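K.L.:
Quick check, what structure comes out for this input:
(chains A, B and C)
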Amino acid sequence: MRELSLTTRGAVFVAALVAAALAWGEMAKAAEMTFYGSQFFRLVSDEGKVILINPWIKGNKDAPIDIDFFKKGEVDLILATSGHGDDQGNAVEIAARTGATIFTVSELGGWMQNQIEGFGGSKKQVIRGGVGGRYQIGGVTVQLIQSAHGTGIKPSDKSHPASYSGGPASGALITFEDGLKVLMAGSTGLSMELQLFGMRYQPHVALIPIAGRFMMHPDDAAYAAKLLMTDNPNLKTVVPQHFRVNGRPGWMGTPEQFAAEIKNLGLDLEVLSPEIGKAYTLRK
Amino acid sequence: MRELSLTTRGAVFVAALVAAALAWGEMAKAAEMTFYGSQFFRLVSDEGKVILINPWIKGNKDAPIDIDFFKKGEVDLILATSGHGDDQGNAVEIAARTGATIFTVSELGGWMQNQIEGFGGSKKQVIRGGVGGRYQIGGVTVQLIQSAHGTGIKPSDKSHPASYSGGPASGALITFEDGLKVLMAGSTGLSMELQLFGMRYQPHVALIPIAGRFMMHPDDAAYAAKLLMTDNPNLKTVVPQHFRVNGRPGWMGTPEQFAAEIKNLGLDLEVLSPEIGKAYTLRK
Amino acid sequence: MRELSLTTRGAVFVAALVAAALAWGEMAKAAEMTFYGSQFFRLVSDEGKVILINPWIKGNKDAPIDIDFFKKGEVDLILATSGHGDDQGNAVEIAARTGATIFTVSELGGWMQNQIEGFGGSKKQVIRGGVGGRYQIGGVTVQLIQSAHGTGIKPSDKSHPASYSGGPASGALITFEDGLKVLMAGSTGLSMELQLFGMRYQPHVALIPIAGRFMMHPDDAAYAAKLLMTDNPNLKTVVPQHFRVNGRPGWMGTPEQFAAEIKNLGLDLEVLSPEIGKAYTLRK
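P.N.:
Modelled structure (predicted):
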């Protein structure tokens, strides 16, 4: 029975290998999302590409990390959805530190190229594009999309009477290696473009702002989710963003309000209200 | 018959009281609108809040009033839909004089904060927001909405080669105490967003630009009214705006053209073509 | 039989006159389009008005002509869809040389007025307008339309840390003498506004960007054509634009990709992929 025994052991071994491969495959096929307050997200792709969105650290009371959390080579791509301080945040400094690429609209990118050498980085790290444009990093594709928001750039020296143009404000559609599509709406007001994004790009997960005052309030944010469901059978998860836990201004929306509004509209969606610093798996 | 007489007199007195109360109630429930040329409107809410939109006085040949018409405490809120001279007009100066609050998008607000101390006002009077954001004054809620227009800021000293960014151009949705919703479209071109505003906010009254050359011409303005009727049973009154009576340029549309285009499209709407300086009651 | 002969000759003569008149009528009723690379088009109207769109010559490797190709009086109207170097191109210099009128949005126009005297032109040549605004030249009407793109202005001297505002980026709807409507979408990302342009303006020909990275990629460009067909029985011809033949960057789309995507979507449209410098007749 030795042969059988061997065969059995072999079968077990093979089965274990298959299970491990499946488990690995499963792990490798799931993107991961961590929220650091406001609109700052860290995404890790199926194959390990690290993407930061609006990495606002200095002044962000919810951010549990410092700039030096990000080491050389630990970030691949940075997105910045507007020139506002809480959107571009510390993108340029982190890019300079880590060697990451920044992909953003031409005007904001031009400003960032003007700044990055001061932090020891290179202009070449900033890829300038525009609304609709795509950039690929490994097996991940990022497409810039429009958002209804301002994106003025105000240099810190006081000699400029008003804001420079950061170009159009943007959001992003991120397509991961396994086809998972995550739509980052940016700091947008409610817009008909969200209906188009649903119809045309059919995202599975949508990150929707709820701040109010400067963009959508939670009720409009829920309506945005509805627009994103237009001809889109994929949308299953909505993530409220642009909110604060520490030092929340009175006018700022909360994830609870957003969840209630989603329920009010009767939308069959999972509301994933991210805790600060906790990693979530995103799936189709 | 004295008793009867007394009773009668009493009944008359009570009836008069009731009538007065009804009349007062009626008055208190009706917002009032006065037009001062171009896009300059003065709205008085049900409970007496005074809102100015685009208070352009210096250079506005139709404005029958001077800056000093507005006294301390007589204006509560000022809206400015773009950084252009005829849109922001004299908002900053009037705010400084009256103590009014200005609510506008962040970039234009930043510029206004830069200017207001020069007129003796305070930066705190300028509330900065963004498209989609709301601000409440008493029982009135104002929400900024996008418009398809420019909003460059050109400081008056000649040392700047081009315009600074005033952020996104805006319009506003004003919800009065009794629920009356007035949509001020701003200086916009025709846009799909007007369909969204109809569907989502269901305004009762819409102020639609007809200037042409820099925005919608009267035919597109009528089509805008049609878009605003999408899933909106509320819209009953449309008010042409951004026109001039004195010194009208040849390319500028007229309220008569707008009324004709509304008729052409067969829209069941009342066209309220405002006379300069006359107060109109706005109702649901 | 001399009479008959005369009659015959007369008939032939009349027939020839009629044929010539018909031919002339036919010629007079067809607009002509020539492409010079990127987004640079020269249109000649039915009655001979010459319109340049985004005349980018210096630095445009595909442009087979120099600035001095255009002589005094040979250009009537110039459109510039954004303040970017490849969009406004050499519009100001050509206007100054030829005496042409420029029609563009207010902010970009202000910058052009700041520049044109340096080339020997006059500020009066620049007609400032806005999205939705129309300008007429002979029997041709041009209407500015919105596009989802940036339009920052970066003066060539290095003292400015970021871009000034060129106002909203634009496209144009050009209506020729015979009613032919050509929609120039500009350098836009995919937008719901394209659906509106189809419904409302019903263009016969659409010039759609395919560059990618800074705007639509060929697949989104094909979807744009689909949106332009909404309630629009007129659209028959789509022209890919914003592409390069010489020195094409790797990320830039090609007319072949666009034609394939139009086919993929099953759209019944003629794709006219313009060769550099060749004149095409545009018809309803």
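K.L.:
how near is residue A:45 to residue A:118?
P.N.:
30 Å (Cβ to Cβ, to the nearest Å). From N, CA and C alone the C-beta is placed, and that goes for glycine too.
K.L.:
okay, those two: which has more neighbours?
P.N.:
Between residue A:45 and residue A:118, residue A:45 has the larger neighbour count (other Cβ atoms under 10 Å in any protein chain shown), namely 24 against 10.
K.L.:
Residue A:139 is in contact with that one, correct?
P.N.:
Yes: taking Cβ atoms under 8 Å as the definition, residue A:45 is a contact partner of residue A:139 at 7.3 Å.
K.L.:
Are there residues contacting both of those two? Which ones?
P.N.:
A:176-177 (Cβ atoms under 8 Å, 6 or more residues apart in numbering or on different chains).
K.L.:
who's in contact with residue A:59?
P.N.:
A:85-86.
K.L.:
C-terminal to the helix or strand containing residue A:32, what's the next element?
P.N.:
Using DSSP states H and E, residue A:32 maps to strand A:31-35. Counting by DSSP H and E, the element after strand A:31-35 in chain order, helix or strand, is strand A:41-44.
K.L.:
does the residue of chain A found nearest chain B count as helix, strand or coil?
P.N.:
Scanning chain A for the residue nearest chain B gives residue A:189, at 2.8 Å (criterion: Cβ to the nearest Cβ). With DSSP: H, G, I helix; E, B strand; the rest coil as the basis, residue A:189 sits in coil.
K.L.:
hang on, isn't it packed against residue B:134?
P.N.:
No: using Cβ under 8 Å, residue A:189 is not in contact with residue B:134, being 10.6 Å away.
K.L.:
shared neighbours, these two?
P.N.:
Listed as contacting both residue A:189 and residue B:134 by Cβ under 8 Å, 6+ apart are residue B:144.
K.L.:
Among the two, which residue is more densely surrounded?
P.N.:
For residue A:189 versus residue B:134, neighbours defined as other Cβ under 10 Å are more numerous around residue A:189 (28 against 18).
K.L.:
residues in contact with the residue lying closest to that one once chain neighbours are set aside?
P.N.:
Distances taken as Cβ to Cβ, 6 or more residues apart in numbering or on different chains put residue B:132 closest to residue A:189, at 2.8 Å, once the chain neighbours are dropped. Residue B:132 is in contact with A:148, A:188-190, A:212, A:214-217, A:220, B:143-145, counting by Cβ under 8 Å, 6+ apart.
K.L.:
starting at the chain centroid, how far to stretch A:219-232?
P.N.:
Distance, stretch centre to chain centre, for stretch A:219-232: 18 Å (Cα atoms, centre = their mean, to the nearest Å).
K.L.:
any residue of that stretch up close to chain B?
P.N.:
Yes: Stretch A:219-232 reaches chain B (Cβ under 8 Å from any Cβ of the partner chain) through A:220, A:223.
K.L.:
average pLDDT for that stretch?
P.N.:
Here stretch A:219-232 scores 98 as its mean pLDDT.
K.L.:
Which residues belonging to it are considered buried?
P.N.:
Going by neighbour count (16 or more other Cβ atoms under 10 Å in any protein chain shown), the buried part of stretch A:219-232 is A:219-229, A:232.
K.L.:
does any part of that stretch sit near chain C?
P.N.:
No: using Cβ under 8 Å from any Cβ, stretch A:219-232 stays clear of chain C, coming no nearer than 10.2 Å.
K.L.:
and that stretch, C-alpha only, in CSV?
P.N.:
Extracted in CSV, the C-alpha atoms of stretch A:219-232 (Å, rounded to 0.1, in the frame of the first residue of the first chain):
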residue,chain,number,x,y,z
ASP,A,219,-28.4,63.7,0.4
ASP,A,220,-26.9,64.8,-2.9
ALA,A,221,-24.2,62.2,-2.4
ALA,A,222,-26.9,59.5,-2.2
TYR,A,223,-28.4,60.9,-5.3
ALA,A,224,-25.0,60.7,-6.9
ALA,A,225,-24.9,57.0,-6.1
LYS,A,226,-28.3,56.7,-7.9
LEU,A,227,-26.9,58.5,-10.9
LEU,A,228,-23.9,56.1,-10.9
MET,A,229,-26.2,53.2,-11.0
THR,A,230,-27.6,54.3,-14.4
ASP,A,231,-27.2,51.3,-16.8
ASN,A,232,-24.6,50.0,-14.4
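K.L.:
ok, and what's touching that stretch?
P.N.:
Here stretch A:219-232 makes contact (Cβ under 8 Å, 6+ apart) with A:183, A:185, A:188-190, A:192, A:194-195, A:197-199, A:202-203, A:206, A:208-210, A:216, A:235, A:238, A:240, A:253, A:257-258, A:261-262, A:264-265, A:267, A:269, B:132, B:200.
K.L.:
if you set the cut-off to 7 Å instead, what comes out?
P.N.:
A:183, A:185, A:190, A:194-195, A:197-199, A:202-203, A:206, A:208-210, A:216, A:235, A:238, A:240, A:258, A:261-262, A:264-265, A:267, A:269, B:132, B:200 (Cβ atoms under 7 Å, 6 or more residues apart in numbering or on different chains).
K.L.:
Between its first and last residues, how far does stretch A:92-103 reach?
P.N.:
11 Å (Cα to Cα, to the nearest Å).
K.L.:
Stretch A:80-98 now?
P.N.:
16 Å.
K.L.:
OK, contacts around the nearest residue in space to residue A:249 that is not next to it in sequence?
P.N.:
Leaving aside its chain neighbours, residue A:249 sits nearest to residue A:213 (7.6 Å; criterion: Cβ to Cβ, 6+ apart). Shown in contact with residue A:213 (Cβ under 7 Å, 6+ apart): A:251, B:129, B:133-134.
K.L.:
Report the separation between the closest residue to chain C within the stretch 51-200 of chain A and residue A:172.
P.N.:
Closest contact between the stretch 51-200 of chain A and chain C, by Cβ to the nearest Cβ, is at residue A:132 (2.8 Å). Per Cβ to Cβ, residue A:132 is found 11 Å from residue A:172.
K.L.:
what is in contact with the two at once?
P.N.:
Common neighbours of residue A:132 and residue A:172 (Cβ under 7 Å, 6+ apart) are A:143-144.
K.L.:
of all the residues in the stretch 151-284 of chain A, which ones are close to chain C?
P.N.:
A:153, A:155, A:164-165, A:167-168, A:192-193, A:195-196, A:200 (Cβ under 7 Å from any Cβ of the partner chain).
K.L.:
which of those residues has the most neighbours?
P.N.:
The most neighbours, when these are compared by other Cβ under 10 Å, belong to residue A:165, which has 35 neighbours.
K.L.:
Ramachandran angles for that one?
P.N.:
phi -90, psi 130 (degrees, to the nearest 10).
K.L.:
Might you report the residue contacts of it?
P.N.:
A:107, A:152, B:165, C:152, C:163-165.
K.L.:
Run through the bridge partners of it.
P.N.:
Assessed by DSSP bridges, residue A:165 has beta-bridge partners residue A:152, residue C:163.
K.L.:
circling back: make a markdown table out of the residues of the stretch 151-284 of chain A next to chain C and add pLDDT.
P.N.:
Formatted as a markdown table, those follow (pLDDT from 0 to 100):
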| residue | pLDDT |
| --- | --- |
| A:153 | 95 |
| A:155 | 93 |
| A:164 | 96 |
| A:165 | 96 |
| A:167 | 96 |
| A:168 | 97 |
| A:192 | 98 |
| A:193 | 98 |
| A:195 | 98 |
| A:196 | 98 |
| A:200 | 98 |
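K.L.:
Of these, which belong to strands?
P.N.:
Cross-referencing those against strands under DSSP state E gives A:153, A:164-165.
K.L.:
so residue A:145 touches residue A:197, yeah?
P.N.:
Yes: at 6.2 Å, residue A:145 and residue A:197 qualify as touching, with contact defined as Cβ atoms under 7 Å.
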